[in-house]
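S.K.: below are the sequence and a predicted model for it; my questions follow.
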Amino acid sequence: MSSRKRQRLSIHTIDNSAIVSLQDMEIWDGADLALLREALTGLIEKDGFRSLGVDLSSVKYIPSGFFGMLFEWYDAGLQIRLYSPQENVAQMLWFRMFFAHEENNAYRLCDDAVRNNSPGQQVEYHKRVFMCEDEASEQDDVADLIKSVRYGVRTPEKIR
């Protein structure tokens, strides 16, 4: 790993938690993810941290492997938090599904809402949580339209 990349990485602690930042990196690539993984692994294995955080204040895009990496550590019993995500990151499906908002713009990884549920229950959970009322209303409208075409019933006024 280049020394320039290592210089971008900063680590600080708050209470018993280590927080890592890639400073001004807006878009992470595979090398950034590897650097982050290396730093977090060292904090876990060498320094014994059981609570980790990642500062996302400058990040606009995150590779999909980032969440998988965090979830592996979460399953191993570590506490994982993300700090100060930008709006586009906070609106990503995996973020909304698995991170619970806490104070001070921190989000804690937890899957309590879906863990140990059947696949059908998980689907219902996702429908309920992630579909805003407008989207649900639009789907109802489309379903009504399909029924009207299939069965020759009059189209409801709201669809016309």
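M.R.: Ah, there it is.

S.K.: let's see the pLDDT reported for S3.
M.R.: pLDDT recorded at S3 is 45.

S.K.: numbering from 30 from now on, please.
M.R.: Okay, using 30 as the starting number, the last item reads as S32.

S.K.: list the buried residues of stretch 110-122.
M.R.: For stretch 110-122, burial by neighbour count (16 or more other CB atoms under 10 Å) applies to R110, L111, Y112, S113, P114, V118, A119. Backbone N, C-alpha and C define where each C-beta goes, glycine included.

S.K.: between the residues you listed, which is closest to W57?
M.R.: Nearest to W57 among those is V118, at 10.6 Å by CB to CB.

S.K.: can you redo the buried residues of stretch 110-122 as a markdown table with pLDDT?
M.R.: Supplementary listing: the buried residues of stretch 110-122 in a markdown table, determined by pLDDT from 0 to 100:
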| residue | pLDDT |
| --- | --- |
| R110 | 96 |
| L111 | 95 |
| Y112 | 95 |
| S113 | 94 |
| P114 | 94 |
| V118 | 89 |
| A119 | 89 |
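
S.K.: which of those residues lies closest to S93?
M.R.: Set against S93, the nearest of the buried residues of stretch 110-122 by CB to CB is V118 (12.7 Å).

S.K.: need the contact list for the closest one.
M.R.: Applying CB atoms under 8 Å, 6 or more residues apart in numbering to V118 gives the contacts L85, V88, K89, Y90, I91, F124.

S.K.: mind redoing it with 7 Å?
M.R.: Taking CB atoms under 7 Å, 6 or more residues apart in numbering, we find V118 in contact with L85, V88, I91, F124.

S.K.: farthest-separated two in these?
M.R.: Spatial extent of the contacts of V118 (CB to CB) is set by the pair V88 and F124 at 11.3 Å.
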